[in-house]
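Student: One predicted model, sequence on top.
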Amino acid sequence: MDRIDRQILTELQRDASQSLARLAHQVGLSQTPCWKRVQKLEAAGIITGRVALVDPARVGLGLTVFVEIAAIEHSDEWRAEFLAALDPRPEVMEVHRLGGSMDYMLRVVVPDMAAFDRFYQELTQTVRLRAIISRFVMETLRRRDVLPIPEA
């Protein structure tokens, strides 16, 4: 990736809905070379999709919970069971494997505490866990969705 590819990535992260003409102008290219670079970045798996960012509270999803999980074991079978239990759950926005005292961190977005309690009950009845800790977001002070693309 060169400087222009990095500029394209930054601009698309800021506004993926902008026209190709505007994007090309922003990065100093004509439309055809710019489009070819975007296609190359998509083919390489660097651009993995384009989405609209939605305010969770304005669509009735007022509770965000970070859920820390300690696995009861560290086998491939347990991990597959755990991930299979999470796959059909659209409220699970992120799943991270961690180093340290807890093994996994989930970001769960739900309408309210009752919905989270249902999620919690279903998860703990489906998958054997050593420990689970829930941390409830009171206020989001800053959220960034644009990655700081490093220079070459």
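Tutor: Sure thing, it's come through. Numbers count the residues shown, from 1 in each chain.
Student: Can you tell me the centre-most residue of the chain?
Tutor: E94 (5.2 Å; C-alpha atoms, centre = their mean).
Student: for it, what are its contacts?
Tutor: M105, L106, R107 (C-beta atoms under 8 Å, 6 or more residues apart in numbering). In this view, the C-beta of every residue, glycine as well, is placed from N, C-alpha and C.
Student: helix, strand or coil for the last one?
Tutor: Here R107 is recorded as strand under DSSP: H, G, I helix; E, B strand; the rest coil.
Student: Leaving aside the residues adjacent along the chain, what's closest to it?
Tutor: Leaving aside its sequence neighbours, R107 sits nearest to E94 (C-beta to C-beta, 6 or more residues apart in numbering; 4.2 Å).
Student: quick one, phi/psi of the one you found?
Tutor: For E94, the backbone dihedrals (degrees, to the nearest 10) come out as phi -140, psi 150.
Student: State whether C34 is indeed within a strand.
Tutor: No: going by three-state DSSP, the assignment for C34 is helix, not a strand.
Student: residue boundaries of the helices in the protein?
Tutor: Ranges of helices in the chain, per DSSP state H, are 3-14, 20-27, 31-43, 76-86, 113-126.
Student: V67 is nearest to which of those helices?
Tutor: helix 113-126 (8.0 Å; C-beta to C-beta).
Student: which helices and strands sit right next to the closest one?
Tutor: strand 63-71, helix 76-86, strand 104-110, strand 129-136 (3 or more C-beta pairs under 8 Å, 6 or more residues apart in numbering; DSSP states H and E).
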